[in-house]
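Colleague: make a model of this:
(2 chains)
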Protein chains: 2
Amino acid sequence: MEKYEQRGVSAGKEEVHAAVKDLYHGLYPKAFCKIYPDYMGGDESYCNVMSADGSGTKSILAYLYWKETGDVSVWKGIAQDAMVMNLDDLLCIGATNQFLYTSIINRNKHLITGEVIAAIIQGGQEFIDKMNNLGIRINLMGGETADLGDCVRTTTVDAAMTVRMKKNDLVLTQNIKPGNVIIGFASYGQATYEDEYNSGISSNGLTSARHDLLHNSYATKYPETFDAVIDKSLVYSGSKKLTDALEGTPLNIGKALLSPTRTYLPIMKQVLEELPAQINGLVNCTGGAHTKVLHYIEGLRIVKTHLLPVPPIFNLIQQESKTSWKEMYKVLNCGTRLELYTDAKNASLIIDVAQAYGVSAQVIGHVEASKKNEVVVKSQHGEFVYN
Amino acid sequence: MEKYEQRGVSAGKEEVHAAVKDLYHGLYPKAFCKIYPDYMGGDESYCNVMSADGSGTKSILAYLYWKETGDVSVWKGIAQDAMVMNLDDLLCIGATNQFLYTSIINRNKHLITGEVIAAIIQGGQEFIDKMNNLGIRINLMGGETADLGDCVRTTTVDAAMTVRMKKNDLVLTQNIKPGNVIIGFASYGQATYEDEYNSGISSNGLTSARHDLLHNSYATKYPETFDAVIDKSLVYSGSKKLTDALEGTPLNIGKALLSPTRTYLPIMKQVLEELPAQINGLVNCTGGAHTKVLHYIEGLRIVKTHLLPVPPIFNLIQQESKTSWKEMYKVLNCGTRLELYTDAKNASLIIDVAQAYGVSAQVIGHVEASKKNEVVVKSQHGEFVYN
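Modeller: Numbering: from 1, shown residues only, chains lettered A, B, ... in the order given. Now for the predicted structure:
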């Protein structure tokens, strides 16, 4: 996707991978997160993991929505985005409790007021409280808010998380094997632990979605929300206003793009408790989306034949951007975000747990032996092969 | 300092303090870092701490120097800056080993190349290796490099660190008491574990220093290095080029502003081993500089009468910016960065350890009982009272 590169986003992060290739990659090199010895406790049966990630350019959508409508509460979701981007990666190695969390906010103080900072911090605390009520402890360990207007146009919101786990509790993608079924969990709808309908967008692909969907009038009004070197034809090149309704949902387009990233922690905590040592792999389909699993497998073909329906926000992005569906499934979750690999016999229990939390889930495919690693997506929009 | 505010920097962070005032502040509210129960191990005699901080706008100086001279190696120091800003804060509660570290780099991919990312990552690894050779283990636990050109003009480089410590090993500023002497450690010179002369600048006050020292030609040439809303008279309003010599040092001004933040870990690890439970307090004079200690004391007057000599970089900043010396000591370390509070009898041993590592140290003052908290600085530039 050439537009991607021109907008200064690298889908594949090749440069970054090259820069880190000689570093130590942990105890299980093909794991979803890098897993390290128990430096904290010196116990052979434990391990330590840290994660760092943030809300990316989704903060710009919060900025636009706040400036246009005066609704400062959208910043609360940005805190959740930054946290869940880490939590659900850690979830993929089986971590479901006792997270240590710190936040890093870099802001342009001329534009991002104290009221915004307060909303971000309050949003983080509300999410922590909500998870705590579901038995999931996230410990806020302080954070840093820095005024860096010469570095940052508006703001960035990042988070780091640390966990210490028993090795026995690890879920390791290296255990994905031929014969496994794949259970997919919906990114959209309203979970019992969510306050409103979730579009399913999460925190990926939002640089493209923002520019492809939104009307060019935002370019003139908010030059602080994009890099001036980007070709003008690629800046806010869509037809939509933030307050336009998103058909088929109770949200407007702004709120749909700002749906806080769903966490699957409450569901997966229960699943991992009920089926210990029976989950072969978990993959959070963020960057790389339905091809992300390719990083973690060896000699396997991943066949996805029954993905969940594509919810409205992704259809709109596809229509406005004219992105091919092959590309769509590579960049965006398109409705199915978390993948769980297990034996077929476990499927109905897992699906029942998800549904009890109001989250659609179904068997979306299976795993085959293969000479070369590949992902096959057979969707309503065609059949695509990735390798 | 009104210029401070106009440049979008808040010296005092009042807004941030207001936003977090209702959050849990840990086991020892007046400690230098927030200290939490041992969520990681569940052991009453241990505690957990996380720190998050970064190189701030110092990355812009690396960008300017790299663009002007082609020397990509200056980015290595930025990695050290981001790490040491955390490490030396954690040092102030007595943490000297087994740090878990993750890095967060947000870049504008149009400007910050893969070569720069590689230099930052390599610089981090070289610093880790150097500390490891001195018995200080810093464990790189992965990190995130995000392409956020719509958010970030050039780049930000942040770090988060986690430690688990025995409560018995904690150094708590609440133990600072009347009669303590203050030992100050030089920020400048060349420690045995540094590769070249260090200007002493660390990673604070660099938005002001950059604009006050550097020549206006940089404004035209590098508009990506400042916020266009800042009044033009405050942007690169000095007379210096990055490659101008800094008199009295072996460095040019660019390299002096880019001196990697010194760590005192090797010194303090030995001091804390030789004098267990005898250090009443440690204060890293970063933001707030010589007034920083005011956050941690109750009913004390901190009297500093024999600060180390002010090294050339700070004299130059003062001359070019016309900042009052009272303000200088409040914003910049001015040559003395780490403060250690202890009984007079321990002073000579501590000073000897520092000098063995090539770092000047001396008794710079003492602590008195006082109805109101205050800091008195009696310097070569006058006597100043802060409260």
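Colleague: are the longest strand anywhere in chain A and chain B in contact anywhere?
Modeller: The longest strand of chain A (DSSP state E) is strand A:155-166. Yes. Under the criterion of C-beta under 8 Å from any C-beta of the partner chain, chain B is reached by strand A:155-166 at A:155-156, A:158, A:160, A:162, A:164. Bear in mind the C-beta positions are built from the backbone N, C-alpha and C, glycine included.
Colleague: now those residues in TSV, with pLDDT and neighbour count?
Modeller: Converted to TSV, the residues of strand A:155-166 next to chain B look like this (pLDDT from 0 to 100; neighbours: other C-beta atoms under 10 Å in any protein chain shown):
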residue	pLDDT	neighbour count
A:155	98	26
A:156	98	30
A:158	98	29
A:160	98	34
A:162	98	32
A:164	98	25
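Colleague: relative to strand B:155-166, how tilted is the longest strand of chain A?
Modeller: 30 degrees (axes from the mean of the first three to the mean of the last three C-alpha atoms, to 10 degrees).
Colleague: pull the residues that contact the helix or strand following strand A:155-166.
Modeller: Sequence order places strand A:181-186 as the next helix or strand after strand A:155-166, per DSSP states H and E. Contacts to strand A:181-186, defined as C-beta atoms under 8 Å, 6 or more residues apart in numbering or on different chains, come from residues A:200, A:264, A:267, A:302, A:304, A:306-308, A:335-344, A:347, A:350-351, A:354, A:359-367.
Colleague: how distant is stretch A:200-220 from the center of its chain?
Modeller: 16 Å (C-alpha atoms, centre = their mean, to the nearest Å).
Colleague: list the buried residues in that stretch.
Modeller: A:200-214, A:218-219 (16 or more other C-beta atoms under 10 Å in any protein chain shown).
Colleague: close to chain B, is it?
Modeller: Yes. Contact of stretch A:200-220 with chain B (C-beta under 8 Å from any C-beta) involves A:207, A:210.
Colleague: residue of the stretch 251-387 of chain A nearest chain B, please.
Modeller: Closest residue of the stretch 251-387 of chain A to chain B, C-beta to the nearest C-beta: residue A:287 (9.6 Å).
Colleague: is it true that that residue lies in a helix?
Modeller: No. Judged by DSSP: H, G, I helix; E, B strand; the rest coil, residue A:287 forms no part of a helix; its state is coil.
Colleague: which residue is the nearest non-sequential neighbour of it?
Modeller: Counting by C-beta to C-beta, 6 or more residues apart in numbering or on different chains, residue A:287 lies nearest to residue A:204, which is 5.6 Å off, once chain neighbours are set aside.
Colleague: could you list the low-pLDDT ranges of the stretch 1-150 of chain A?
Modeller: A:1, A:10-12 (pLDDT under 70).
Colleague: now the helices for the stretch 1-150 of chain A?
Modeller: For the stretch 1-150 of chain A, the helices defined by DSSP state H, counting those that start in this stretch occupy A:2-6, A:14-20, A:58-69, A:74-91, A:114-133.
Colleague: what of the stretch 251-387 of chain A?
Modeller: Assigned by DSSP H, counting those that start in this stretch, the helices in the stretch 251-387 of chain A fall at A:253-257, A:265-274, A:312-321, A:325-331, A:347-356.
Colleague: want to throw those helices into CSV with mean neighbour count and distance to residue B:387?
Modeller: Shown next, in CSV, are the helices of the stretch 251-387 of chain A (neighbours: other C-beta atoms under 10 Å in any protein chain shown; distance: least, C-beta to C-beta, whole Å):
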stretch, mean neighbour count, distance to residue B:387
helix A:253-257, 25, 47
helix A:265-274, 21, 47
helix A:312-321, 21, 55
helix A:325-331, 21, 56
helix A:347-356, 17, 58
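Colleague: closest to residue B:115 out of those?
Modeller: helix A:325-331 (26.5 Å; C-beta to C-beta).
Colleague: near chain B, which residues of the stretch 151-300 of chain A?
Modeller: So the stretch 151-300 of chain A meets chain B at A:151-156, A:158, A:160, A:162, A:164, A:207, A:210, A:225-227, A:229-230 (C-beta under 8 Å from any C-beta).
Colleague: so which of the residues of strand A:155-166 next to chain B comes closest to residue B:271?
Modeller: Distances from residue B:271 to the residues of strand A:155-166 next to chain B, taken by C-beta to C-beta, are shortest for residue A:162, at 27.5 Å.
Colleague: how near is residue A:242 to residue A:222?
Modeller: According to C-beta to C-beta, to the nearest Å, residue A:242 stands 11 Å off from residue A:222.
Colleague: so how far does stretch A:235-248 reach from one end to the other?
Modeller: Stretch A:235-248 has an end-to-end distance of 27 Å (criterion: C-alpha to C-alpha, to the nearest Å).
Colleague: sorry, back to before: give the pairing partners of the longest strand of chain A; include direction for each.
Modeller: Using DSSP bridges, strand A:155-166 pairs in its sheet with strand A:46-54 (antiparallel), strand A:99-107 (antiparallel).
Colleague: TSV please, covering these and showing mean neighbour count.
Modeller: Converted to TSV, the strands paired with strand A:155-166 look like this (neighbours: other C-beta atoms under 10 Å in any protein chain shown):
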stretch	mean neighbour count
strand A:46-54	26
strand A:99-107	26
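Colleague: wait, which of those strands is closest to residue A:27?
Modeller: Closest among the strands paired with strand A:155-166, using C-beta to C-beta: strand A:46-54, at 6.5 Å.
Colleague: in CSV, list the C-alpha atoms belonging to the closest one.
Modeller: Taking C-alpha atoms only, strand A:46-54 is exported to CSV below (Å, rounded to 0.1, in the frame of the first residue of the first chain):
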residue,chain,number,x,y,z
TYR,A,46,8.7,-17.9,36.8
CYS,A,47,9.3,-15.5,34.0
ASN,A,48,9.1,-11.7,33.5
VAL,A,49,7.6,-9.8,30.6
MET,A,50,7.3,-6.1,29.7
SER,A,51,5.2,-4.5,27.0
ALA,A,52,5.2,-1.0,25.6
ASP,A,53,2.7,0.4,23.2
GLY,A,54,0.3,3.3,22.9
